[in-house]
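**Q** this one's structure only:
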């Protein structure tokens, strides 16, 4: 065996190791991207629900404020009499 054959063997081993490591890394990255996608989906759903709750509160707050205004006026009139 001369130096060229030894060099070819060494380079082949390093290439095989690099190929296996890159396959493992790509697999890990794909799993991580899927997990991040699930997390972002859940966060988006939570934000949508919070928006719905805020809309419902806003819808209820306006009539409640108006009713409180009229109650305050009625109480003020009672106090004047």
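**A** That came through fine. All figures in this text were calculated on a predicted structure; none of them were measured in a lab.

**Q** next one, pLDDT for residue 81 please.
**A** pLDDT, residue 81: 63.

**Q** burial check on residue 42, number of neighbours?
**A** Residue 42: 10 surrounding residues under other Cβ atoms under 10 Å. Just so you know, the C-beta spots here come from the backbone N, C-alpha and C atoms, and that holds for glycine as well.

**Q** from residue 49, how far out is it?
**A** From residue 42 across to residue 49, the span is 11 Å (Cβ to Cβ, to the nearest Å).

**Q** for the most centrally placed residue in the chain, which residues are in contact?
**A** What sits nearest the mean C-alpha location of the chain, by Cα atoms, centre = their mean, is residue 40, with 2.8 Å. For residue 40, the contact set (Cβ atoms under 8 Å, 6 or more residues apart in numbering) is empty.

**Q** which strand or helix spans it?
**A** Using DSSP states H and E, residue 40 maps to helix 3-80.

**Q** which pLDDT value belongs to the residue nearest to the centre of the chain?
**A** As predicted, residue 40 sits at a pLDDT of 96.

**Q** again, but for residue 48
**A** Confidence score, pLDDT, at residue 48: 88.

**Q** and stretch 10-28, how far from the chain's centre?
**A** 32 Å (Cα atoms, centre = their mean, to the nearest Å).

**Q** all set, thanks.
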